[in-house]
Each structure stands twice: as C-alpha cells, then as structure tokens.
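Peer 1: With the input below, show me the fold.
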Amino acid sequence: MPTLTIDGEEITVEDGLTVMQACEQAGVEIPRFCYHDRLSIAGNCRMCLVEMERSPKPIASCAMPAGEGMVIKTNTPLVKKAREGVMEFLLINHPLDCPICDQGGECDLQDQAMAYGRGSNRYTENKRAVKDKDLGPLVSTIMTRCIHCTRCIRFATEIAGVEELGATGRGEHMEITTYVESALTSELSGNLVDLCPVGALTSKPYAFAARSWELTKTETIDVHDAVGSNIRVDARGGAAMRVLPRLHEGVNEEWISDKTRHAVDGLSRQRLDTPYVREDGKLRKATWDEAFEAIKARVERTEGGKIAALAGDLADAESVFALKGLMTSLGSTNIDCRQDGAALDTATRAGYLFNTTIAGIEDADAVLLVGTNPRWEAPLINARFRKRYLMGGFQAGVVGEVHDLTYPATHLGAGPATLSEILAGINEFAKVLKAADRPIIVVGQSALTREDGAAVLGLARAIAEKFGMITDGWNGFNVLHTAAGRVGALDLGFVPGEGGKDTNAIINAAGEGAIEILYLLGADEIAMNDLGKAFVIYQGHHGDAGAHRADVVLPGAAYTEKDATYVNTEGRVQRTSRALFAPGDAREDWSILRALSEKLGQTLPYNSLNELRAAMIEAVPTFGELDAPATAAWGDFGKNGDVSDAPFVSPITDFYMTNPICRSSETMAECSTLYIQKTPRTGTDG
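Peer 2: Residues are numbered from 1 along each chain as shown. The predicted structure follows:
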C-alpha cells in the first residue's frame, strides 16, 4: 500500500488506485470530464492535471497510478494555469447555447467553467459545427457541444455490451457516431444522458420540458421489473417529468433500464380516476358508495368458496396483505399472486429467491441460465453478468432460447432434457460447473410457468445440490422474477389456502360458473375472455385489460403516488415514497380495501398505514428488515417427475410492453415499433 503526500499531508492508499482517487480519499476535489469510476480510463480531457514533484510538466491524475513517495500538489499556480488552459481549449468550439440546453443547471461544463475557468477566451475563430446523429427515440444529440470525452463510447462498449458507438476522424474532424446511421439497440441507452458531461446527449422525450430547479425530487423504487432499482422521480405540478437513477451498489449501481427511465409518460395516460359500475353492459362513472354498494350486493348472496382474488405484478405488499385479510374474512382460500401460473410455493423461501444476491454475481465463476433472457427480464442483472465476464474467469451456459446476452454464452440446449443431461454429467457444461469454485444457476419464469414447471424446478434444485452450489456462506440457486410484486406476495403467503384454487383453476372455475366473484388487484395479464359470467372487481390505476372486463372498477394509485413496500427478486425489502397525488378520486390501494371491508361488515383491524405495516411485520418479520437481502434457509422444493421435451419459451416477447404503465406510454410504443415490430431481435450463440 503506497504512501504519498498530497498538498502537504501524507496518505496511505490501496494498491492499484490512481492519483485522482488518492486525492479524493484525502478530501481534495479534482475536476474531470472523461474520467468515470465505472469506466475504463481514457485520459482525454486533461482537466484533472496536478503537479507532481520531479515531473517536468503537470500529470493527468486519472491515468497516473499512485506510487510510494509521490509528492502531489493540487492547488499551485501551475495547476491553476494548466486547468484554465484546458478549459479554454474545451470552450473553443463549444456553442453558447446554455439558455436552451436541457443540461442547463446540472451541467459539468458549466460548473467547472465557473470554478476553474479564466473567465474569458482568447480564441476568435469560427466555431465548428457537427451534424447531429440519430440514436433512436430516447437519446437526442446536439453533437456540436461534444468535447470528445468518450464516456458514451466506453459505456456502450463496456457496460451495455453493445459496440455501436465509436469515433471517426481525427483532430477537429473527429465525431462520435454509430458508424452507420442506426438507433442504439441497448436497453440501457438512457444512461448515456446521465454520463454526458456537456449536454451533447440529452433525453429526447424530456426535451425542453422543464428545468432542474423547477422540479420536486423524490427518492423511491422502480417497479417495472423485479430488480427494485433505486430511482429519483422528478415532478412538477401534478405530473412526473422524468425518472433518474439513484446510487445503490447492491442493486442497480448507478444505472437504470430504458423502461424504468422512459415509461414515465405512461403514468399520465389512460388513468383510472373515478369508480365505474357496469350497467346494461356498459361502464358508467359512479361514486365510491355506489361502487361499494354494487360489490356488497353481490357478495352478500355469494358463498365464500365461490369468491376468488388474484394479485397483479405491480401490487404492493400492503395491498396484498389487506386483500388476503379481506378474502380470509369472507371465507375464501381461492387466492393467488402467480398470474402466469409459475410453479413456486411458499414452503421454502430459498426456493423462490435470487439467493446469490445481485451484487453476489461478481463472486461467481460460472452460471447456468435456465429458461431466462436476463437482458430483457432484468437488464441490470444482465449488466452484472457482463461486468463479471469482463473481470475474467467466468463461463456462462444457456438452456432455452438463443439470445445475444452481450457476453459469451454457450447454448447447451432448448429444454428440460438438457438439464437432465447436466445432472447426469453427460453434458460438457457439467465439467464447467464441477470445476467452478462458486457456480450459480438462474431459473427464469419460462421454465416455471409450464405444466411441468415444478419438475423443472426440482431438476434445478438437484443440479444446485450436486455441483456444490449450496455451501456455507454461498447459495448459488436463484430464481429470476419479472414481476415487482411477486416476491412480496409470496412472502405474505398470497397463494391458495387449504382447498383453494390457483390462478389457472380460478380462471377455469370462473368460466364454468363455479367462481362467481373475482377480485383483480391490478391483475391484467390473464385471459379475460375465459372468465365467463363471473362478477369481476378490478382495482388498479390504468384502463388496461382488467378494467375493460370489470363489472366494478376501483381506481388505485400508481407506484409514484403511494408509500408502499416491495420486495425485489433477491428478497430485499424496499419502500417507495409518494412523489405525486393520485388523480381524481383514485386512492391508495390498501385504503380502498380497508374501506370496502368496513362496507362488507368485515372491518380489517387497522386504520392507518403504520398500523397495517405493524400487523404485516408481526405476521412476516422479514418485512421489518429494510434494504437487506434476506438469507433464506435451504430446504426441499420442486418435485420429482417427468418433464416435457418442449423447449423453454421466453415470457417476454416485447421488452417495452410488459405492464399497464408501459402499454400506456407513447415513448414505449415508439420503442416497440422501432425495435420489436420492425426489427425483431435474433440472438447469436456466443
């Protein structure tokens, strides 16, 4: 560990750190444009110049390894003059369009020009102009502003794994481009906007919509997948203007997916803002009392065994807990949170969690992906796999569909027969798993939603146990969920009770008339046409499939409009914070269920959110452990049985259209048209 002197103070740092990192540990701020903690070092901008003893000229601190005995000075006249010179060069061609630039108010170039610039420019030549590039519907380009820091190129190549950006030309003729005119095909492309320090890349859907100082900023959690990315919602008035990532090393680092970032416009479209009651075949607007009376009249003449409830993919834990309590009080055990019919039970928590944890992927040295396409199902988890691959000594095998995962992956087979071969040791990848120190297996929903899903789950558990994935301090068995509300609902036991029906049985029974009342808590992904004459109550925030089929519609709040609890795929309990108020007469979901229970004469035993959470934590203590991936005890799950030869088929056919919010978003519709409908992705075997 080298010891060096920075501005007269000695500091000892870890091996491998740069002078810039050493300076930051010493509390000295070093300006930079091209350097980023998570990207390779480029040394392009030279803004980080510092003075080093015995060096004939200032050094680029971002590219100089910290060495024993170095004497670094960061505040000398030479350093000040060097930084002023660099800033003067950077501004030679930069346009004077700060008043109309979307980066205004949060621009690194503005901030550093004020802090380190000389206040004037001696260059009078005409500024160069660069043609803007078309990077697709999400990223807007004003390339005349570009200072060639190459952050965008390095992100696309290293993090996103899509080598579609690069530099052409030299000197004043250098341009950042996609080589051939085409849109970026990465699900992480929106992060380029956060990385760009000068406003050359900005958000196209957000263009000229607001200034940063006008916005109310709320830290919350994303629900578009089961990763639980930490985000910030920026709102103005009654509308969410944009979504930005928050730093969380254990979950999403500082990235978010394009769906998380740009589906925000769907929050203001096709919203349910008043109750509806169906009369004479048509839905009409109603009051809350009218809606509750319609439900009460039907419930009073229906036996508990003929009532059922399904919880949707975006349902928060509080509303699921309240709905379970209501169904129990009505005498119904026909409840389920597995809209897709996934063969998961609640007997063993480790059997439905991503036990390795997202950050734990970096410690693995081999992965077997079973029936999953993490690039679409969880882009941030896929980015972790790529990060681990770039570290070296990592092998991936895929059983299922072939996809371009952005890292080399050997395609082993299409269905469960390959798992049997691996378990028997006759597949070549069995040798890889056996030789690995910390192998992991990731089971996707396409492997679990089949009729033989429980048997496939049993095969995966057997593989995990045979190849040393379950040891002290290491659990390599993982289930990758796609629904934000699924793990929380499983934790709460929102599955059929004794004698109860699961999702498929409920739908079949509704079609046959055996289920007379069906309560849909944001459940839109089921076959609505198969529900027969059942009386359908839909509680949700968008006019999606469930609302169209419903006999009574109860308007709820979206994830940005309520304080709610979600559990991500690794079992991490996190809470959203309200950034906006729900539109019109819409209310928070738990409060709707509490009011309905009172109307039905089955009053739930809590009057506030805090009381509900206390009851929920008492019932399931893990909900009291916030922001910690739970460690679950290993046990028996899945079952032994015959498996089908049918190949695994991905549950997501359109990354941009996976839930009611996305389906209401114009931006997501544009992305779907461009990337999915016109140019369907065909992966290649790595």
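
Peer 1: give the contact list for the closest residue to Ala414 other than its chain neighbours.
Peer 2: Closest residue in space to Ala414, ignoring its immediate chain neighbours: Pro647 at 3.6 Å, by Cβ to Cβ, 6 or more residues apart in numbering. The C-beta positions use only the backbone N, C-alpha and C, and glycine is treated the same way. Applying Cβ atoms under 8 Å, 6 or more residues apart in numbering to Pro647 gives the contacts Gly400, Glu401, Ala414, Gly415.

Peer 1: Would you reformat the residues you listed as TSV and include neighbour count and distance to Val370?
Peer 2: Formatted as TSV, the contacts of Pro647 follow (neighbours: other Cβ atoms under 10 Å; distance: Cβ to Cβ, whole Å):
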residue	neighbour count	distance to Val370
Gly400	23	7
Glu401	17	11
Ala414	18	11
Gly415	22	10
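
Peer 1: will you turn those into JSON lines that also has distance to Val162?
Peer 2: Compiled in JSON lines, the contacts of Pro647 are given as follows (distance: Cβ to Cβ, whole Å):
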{"residue": "Gly400", "distance to Val162": "21"}
{"residue": "Glu401", "distance to Val162": "19"}
{"residue": "Ala414", "distance to Val162": "25"}
{"residue": "Gly415", "distance to Val162": "29"}
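
Peer 1: ok, Gly397 - contacts?
Peer 2: Taking Cβ under 8 Å, 6+ apart, one finds Ala366, Val367, Leu368, Leu369, Ala409, Thr410, His411, Leu412, Phe429, Val432 in contact with Gly397.

Peer 1: Got the phi and psi for the residue lying closest to His36 once chain neighbours are set aside?
Peer 2: Leaving aside its sequence neighbours, His36 sits nearest to Arg151 (Cβ to Cβ, 6+ apart; 5.8 Å). Main-chain torsions, Arg151, degrees, to the nearest 10: phi -60, psi -40.

Peer 1: State the distance from Arg151 to Cys45.
Peer 2: Going from Arg151 to Cys45 by Cβ to Cβ, to the nearest Å gives 10 Å.

Peer 1: so what's in contact with these two at the same time?
Peer 2: Cys34.

Peer 1: re the thing from before, surely the residue nearest to His36 meets Asp37?
Peer 2: No - Arg151 is beyond contact range of Asp37, at 11.4 Å (criterion: Cβ atoms under 8 Å).

Peer 1: between these two, who's got more neighbours?
Peer 2: Higher neighbour count among Arg151 and Asp37: Arg151, with 23 against 8, using other Cβ atoms under 10 Å.

Peer 1: State the distance from the more buried one to Cys34.
Peer 2: As defined by Cβ to Cβ, Arg151 lies at a distance of 6 Å from Cys34.

Peer 1: one step back: using neighbour counts, trim the contacts of Gly397 to the buried set.
Peer 2: For those, a neighbour count by 16 or more other Cβ atoms under 10 Å gives the buried set as Ala366, Val367, Leu368, Leu369, Ala409, His411, Leu412, Phe429, Val432.

Peer 1: OK, contacts around the last one?
Peer 2: By Cβ under 8 Å, 6+ apart, the contact list for Val432 reads Ala366, Gln395, Gly397, Pro439.

Peer 1: Checking my notes, it in a helix, right?
Peer 2: Yes - counting by DSSP: H, G, I helix; E, B strand; the rest coil, Val432 is located in a helix.

Peer 1: Run through the stretch 1-150 of the chain and note the low-pLDDT ranges.
Peer 2: Of all residues in the stretch 1-150 of the chain, none has pLDDT under 70.

Peer 1: which of the contacts of Val432 sit farthest apart?
Peer 2: Gly397 and Pro439 (10.0 Å; Cβ to Cβ).

Peer 1: Name the residues contacting each of the two.
Peer 2: By the contact definition Cβ under 8 Å, 6+ apart, Gly397 and Pro439 are jointly contacted by Ala366, Val367, Leu368, Val432.

Peer 1: Just name the closest of those residues to Leu247, please.
Peer 2: Using Cβ to Cβ, Val367 is the member of these that lies nearest Leu247, at 25.5 Å.

Peer 1: What ranges does the stretch 101-250 of the chain have for its strands?
Peer 2: With DSSP state E, counting those that start in this stretch as the criterion, the stretch 101-250 of the chain has strands at 139-141, 166-168, 175-177, 201-203, 216-221, 230-236, 239-245.

Peer 1: between those strands, which gets nearest to Ile41?
Peer 2: Judged by Cβ to Cβ, the one of those that comes nearest to Ile41 is strand 166-168, at 16.3 Å.

Peer 1: Determine the set of other helices and strands touching that closest one.
Peer 2: The contact analysis (3 or more Cβ pairs under 8 Å, 6 or more residues apart in numbering; DSSP states H and E) places strand 166-168 against strand 175-177.

Peer 1: mind showing which ranges of the chain have poor pLDDT?
Peer 2: In the chain, residues with pLDDT under 70: 679-686.

Peer 1: For Ala614, which non-adjacent residue is spatially closest?
Peer 2: The shortest distance from Ala614 to any non-neighbouring residue, by Cβ to Cβ, 6+ apart, is to Tyr606 (7.7 Å).

Peer 1: Report the separation between the one you found and Glu598.
Peer 2: 12 Å.

Peer 1: re earlier: name the nearest of the buried ones among the contacts of Gly397 relative to Leu492.
Peer 2: Leu369 (28.6 Å).

Peer 1: Am I right that the closest one is in contact with Gly400?
Peer 2: Yes - with contact defined as Cβ under 8 Å, Leu369 counts as touching Gly400 (7.1 Å).

Peer 1: where do the contact lists of the two overlap?
Peer 2: Here Leu369 and Gly400 have Gly444 as joint contacts, going by Cβ under 8 Å, 6+ apart.

Peer 1: And stretch 597-610, end to end?
Peer 2: In stretch 597-610, first residue to last residue: 18 Å (Cα to Cα, to the nearest Å).

Peer 1: Quick one: neighbours of Asp345, just the number.
Peer 2: Residues within reach of Asp345, counting by other Cβ under 10 Å, total 18.
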